[in-house]
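Asker: just the structure for this:
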Amino acid sequence: MIFKIVYNGSRWTKIYAFSDGSVQTEHRDDGNFADWEKEHMAEGQTAPPGW
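Answerer: Down below sits the predicted model:
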């Protein structure tokens, strides 16, 4: 589950909350989180469109 997405004018940040209670914060300059999501999200799980 994606908890929040933020753009601070220079880079994008996504905060992910997982079912085990863990939270992961990732940052990208280009806003492309696809590589990280492919590696860390459960198979068949996708981020909502626009997230």
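Asker: quick check: mean pLDDT across the strand or helix carrying residue 15?
Answerer: Take DSSP states H and E as the rule and residue 15 turns out to sit in strand 12-17. Strand 12-17 shows a mean pLDDT of 89.
Asker: now stretch 43-51
Answerer: 62.
Asker: from here on, count from 41
Answerer: With the count now opening at 41, the last piece we talked about shows up as stretch 83-91.
Asker: ok, and what's touching the next helix or strand after the strand holding residue 55?
Answerer: Using DSSP H and E, the helix or strand that follows strand 52-57 in sequence is strand 63-68. Residues outside strand 63-68 that contact it (CB atoms under 8 Å, 6 or more residues apart in numbering) are 43, 51-58, 73, 76, 80. Where C-beta positions appear, they are placed from N, C-alpha and C, glycine not excepted.
Asker: who's in contact with the most centrally placed residue in the chain?
Answerer: Centroid check for the chain by CA atoms, centre = their mean gives residue 54 as the closest residue, at 4.3 Å. Residue 54 is in contact with 42, 44-46, 65-66, 68, 73, 91, counting by CB under 8 Å, 6+ apart.
Asker: just the buried residues from those, in PyMOL please.
Answerer: Here is the PyMOL command that selects the buried residues among those (16 or more other CB atoms under 10 Å):
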select buried, resi 73
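Asker: lowest-confidence entry in the contacts of residue 54?
Answerer: Among those, residue 91 carries the lowest pLDDT, at 57.
Asker: and the residue of the chain most remote from its centre, helix, strand or coil?
Answerer: Residue farthest from the centre of the chain, counting by CA atoms, centre = their mean, is residue 49 at 17.6 Å. Look at residue 49: counting by DSSP: H, G, I helix; E, B strand; the rest coil, its state is coil.
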